[in-house]
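Asker: Here is a sequence together with a model predicted from it:
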Amino acid sequence: MEATCDCIIPFYNEGLKPLQVIDNLTRVKSISKIIAVDDGSENNSTYLELKTKFPQITTIRLETNRGKAEVVKEGLKHVNAKYVFLIDGDLTGIIPNEINDSIQKIVNNTNIDMIILPLVTELMKNDWFRVYVILSGQRILRVEDILNVFKNNLSGFQIEVAINQYMINNKKNVFWMPSSICNPSKYKKWGLFKGLNKMIDLFQEIIKYIGWRNFIGQVLFFCKKEAP
């Protein structure tokens, strides 16, 4: 049977959270292969735990911290399917059936080029300032499309906006689907001041790659429709 959708999970210093994420993903019937990539975490305990608990998945550890874009690029070397599902390694609220339905939706409808699964936060619920199109790393798309995105130079957390801009420039059909996935804010994860600095760095990377005009355009107008 041909592989339909592989999954790439980047993680860095996330403790045991990736194990919980992967435990849920192993129950998603439409995922043919799970690829977990440790972005050079300060210790290898999570990497070793994953290899022990989930020997059926592909587990990779980078020697140094390279940033999310490079981690996904590394993971793509091990993808065999037509579609890839990208998901962060520090999430909660994952419902396997939701993810399975989203994968089936895009696989069975060739007119859909990408599906974004928004994160559940108060900020993300704002209908006019839909930050989830920028910040959500949970998305399903064709492997050939993401490989085209990587023909440009990407670094750090530019990958989401780079994918978005590629979809816009190539007039692709992008939709969102309801999701129960939650992500801890950088303030809860790092503390107030370090979390604020992380957010500033994140948006600086985004603006550096796409500029203010495209940033505003993505937030206000991109991916406005729920998948049919």
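Answerer: Perfect, I can see it now. Everything numeric here is computed off the predicted structure, so don't read it as measured data. Residues are numbered from 1 along each chain as shown.
Asker: Tell me the spacing between the nearest residue to Gln104 once chain neighbours are set aside and Arg213.
Answerer: Spatial nearest neighbour of Gln104, chain neighbours left out: Ser30 (5.8 Å); criterion: Cβ to Cβ, 6 or more residues apart in numbering. (Each C-beta comes from the backbone N, C-alpha and C, glycine too.) The gap separating Ser30 from Arg213 is 37 Å, by Cβ to Cβ, to the nearest Å.
Asker: got the residue ranges for the helices in the protein?
Answerer: 17-25, 45-53, 68-76, 96-107, 132-135, 143-149, 159-169, 186-190, 192-221 (DSSP state H).
Asker: looking at the ones you listed, which is closest to Val84?
Answerer: Nearest to Val84 among these is helix 143-149; the distance by Cβ to Cβ comes to 5.2 Å.
Asker: Distance from the closest one to the middle of the chain?
Answerer: How far helix 143-149 lies from its chain's middle: 14 Å, per Cα atoms, centre = their mean, to the nearest Å.
Asker: In that helix, which residues are buried?
Answerer: By 16 or more other Cβ atoms under 10 Å, the buried positions in helix 143-149 come out as Val143, Asp145, Ile146, Val149.
Asker: show me the contacts for the residue nearest to Gln104.
Answerer: For Ser30, the contact set (Cβ atoms under 8 Å, 6 or more residues apart in numbering) comprises Thr4, Cys5, Ile99, Asn100, Ile103, Gln104, Val107.
Asker: The nearest residue to the second one once chain neighbours are set aside: how many residues sit nearby?
Answerer: Ranked by Cβ to Cβ, 6+ apart and with sequence neighbours excluded, the top spatial neighbour of Cys5 is Tyr83, at 4.2 Å. Look at Tyr83: counted by other Cβ atoms under 10 Å, it has 25 neighbours.
Asker: Low-confidence stretches in this protein?
Answerer: Along the chain, segments meeting pLDDT under 70 span 1-3, 121-130, 132, 184-196, 198-199.
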